[in-house]
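Student: model this:
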Amino acid sequence: MTIDHVDLARIDLNLLVALDALLAERSVTRAAARIGIGQSAMSSSLARLRATFGDELLTRAPEGMRATPRALALTEPVRTLLRQIQSLVRRDEAFDPRSVTRTFTIGLPDSTEVLLGPRLLAYLRRHAPGISLLLRSIDRIRILQELDADRVDLGIGTFSHGQTHHKQRLLYRDRYVCLFNADLIGVTPPISLEDYLRFPHVLTSLKETAHGVVDDALALLGLRRDLAVTTPRFLAVPFLVRSAPVLTTMQERLATLFAGTLGLAVSPAPVALDEVAISMLWHASYDDDPAHRWLRQTLLALADDEVQAA
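Tutor: Numbering: from 1, shown residues only. The predicted model follows:
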């Protein structure tokens, strides 16, 4: 399509910045704060946007402002266009992690944070001291909404889905093992299936349901386990296991770390469980962002070092 420069020149492209903020925040006040202008200026921008697109774009609703179908259809194209413009402007700038100043918001479970967080922080302080991290606990469902709203720069965890505007890259794979206090349950590794079912379990579930991959595997054998505790916090589990005659099933790297720190025993799981894949997930509009790309490459290198050290 030939560009109509005269027609395009009549459009204030800064309105697209306002539109992106409005669609992300669904609030005139928050959108104004997001891009550093006054509320009245944002209200004026919304009025101009409505006139430009011939649509209300955002309407009042009990929960705030609701996007119209036309606005929802604009969300991804506008976000992608703004990122492309930003990348175009910055393309000739040499990226130097030692001099950049930026905060990355990363959504991840505490199990991944305790494994990768210390390595990443140490690396950043040595090689990119101007980069800071805002780490947030987030679940696999909400992460897509947070990425789309630009409230999270990167998600790390187990993701089985995404949309066409999301990018995903495997960080590492891990297997499940058992963790327990051998002195309290009187069993030494490897634990048998009989002992595995004889003692109650501690389950970590971010879904707030008392059901996990172990329960699915046992059901295939016509078996079930007893649960003593279900918690959404991975970091609480080893302390629960250390204090009582119970056991848990978790990722091997995390279990090995806890075992060495708290004097617990690790054993192969006596039931067949698929490996778990830990991946990065991000919005495609950040694909060519130099700082974002550097962060992803850094995480891949640190995860690879962790694999080799395991």
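
Student: how about the strands in the stretch 151-300 of the chain?
Tutor: 154-157, 166-174, 176-180, 201-204, 227-231, 247-251, 265-268, 276-283 (DSSP state E, counting those that start in this stretch).

Student: dump those into a markdown table; add mean pLDDT, mean neighbour count and distance to Leu13 as well.
Tutor: Using the backbone N, CA and C atoms, a C-beta is placed for each residue, glycine as well. Output for these, formatted as a markdown table (pLDDT from 0 to 100; neighbours: other CB atoms under 10 Å; distance: least, CB to CB, whole Å):
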| stretch | mean pLDDT | mean neighbour count | distance to Leu13 |
| --- | --- | --- | --- |
| strand 154-157 | 94 | 23 | 27 |
| strand 166-174 | 93 | 16 | 26 |
| strand 176-180 | 98 | 25 | 51 |
| strand 201-204 | 96 | 22 | 47 |
| strand 227-231 | 95 | 16 | 49 |
| strand 247-251 | 96 | 25 | 47 |
| strand 265-268 | 98 | 19 | 57 |
| strand 276-283 | 93 | 20 | 21 |
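
Student: where does the protein dip in pLDDT?
Tutor: Applying pLDDT under 70 to the chain flags residues 1-9, 87, 89-94, 161-162, 306-310.

Student: can we see that at 80?
Tutor: Residue ranges of the chain with pLDDT under 80: 1-13, 62-64, 83-95, 138-141, 160-164, 206-209, 305-310.

Student: top helix in it by residue count?
Tutor: Criterion DSSP state H: the longest helix present in the chain is helix 69-90.

Student: note down every partner strand of the helix or strand that comes right after that one and its orientation.
Tutor: Using DSSP states H and E, the helix or strand that follows helix 69-90 in sequence is strand 102-107. Strand 102-107 has the following strand partners under DSSP bridges: strand 131-136 (parallel), strand 154-157 (parallel).

Student: now for Thr103, how many residues are close by?
Tutor: Counted with other CB atoms under 10 Å, the neighbours of Thr103 add up to 10.

Student: could you do Ala259 as well?
Tutor: Going by other CB under 10 Å, the residues that sit close to Ala259 add up to 18.

Student: wait, doesn't it sit right on Val266?
Tutor: Yes. With contacts counted by CB atoms under 8 Å, Ala259 reaches Val266, the gap being 4.8 Å.

Student: what touches both of the two?
Tutor: Common neighbours of Ala259 and Val266, using CB atoms under 8 Å, 6 or more residues apart in numbering, are Leu179.

Student: wait, what's in contact with Arg79?
Tutor: 20, 148, 150, 283, 285.

Student: over to Ala255?
Tutor: So Ala255 contacts 177-179, 264, 266 (CB under 8 Å, 6+ apart).

Student: repeat that for 6 Å
Tutor: 177, 179, 266 (CB atoms under 6 Å, 6 or more residues apart in numbering).

Student: closest one of those to Arg225?
Tutor: Leu179 (14.7 Å; CB to CB).

Student: with adjacent residues omitted, what lies nearest to the closest one?
Tutor: Sequence neighbours aside, Ala255 is the residue nearest to Leu179 in space, at 4.4 Å (criterion: CB to CB, 6 or more residues apart in numbering).

Student: roughly how far does that neighbour sit from Val237?
Tutor: In this view, Ala255 and Val237 are 9 Å apart by CB to CB, to the nearest Å.

Student: repeat that for Leu121.
Tutor: For Leu121, the distance to Val237 - CB to CB - is 23 Å.

Student: start to end distance for stretch 127-137?
Tutor: End-to-end distance for stretch 127-137, by CA to CA, to the nearest Å: 26 Å.

Student: same deal with stretch 269-285?
Tutor: Start and end residues of stretch 269-285 are separated by 41 Å (CA to CA).

Student: and of the strands of the stretch 151-300 of the chain, who's closest to Thr75?
Tutor: Thr75 lies closest, by CB to CB, to one member of the strands of the stretch 151-300 of the chain: strand 276-283, at 11.2 Å.
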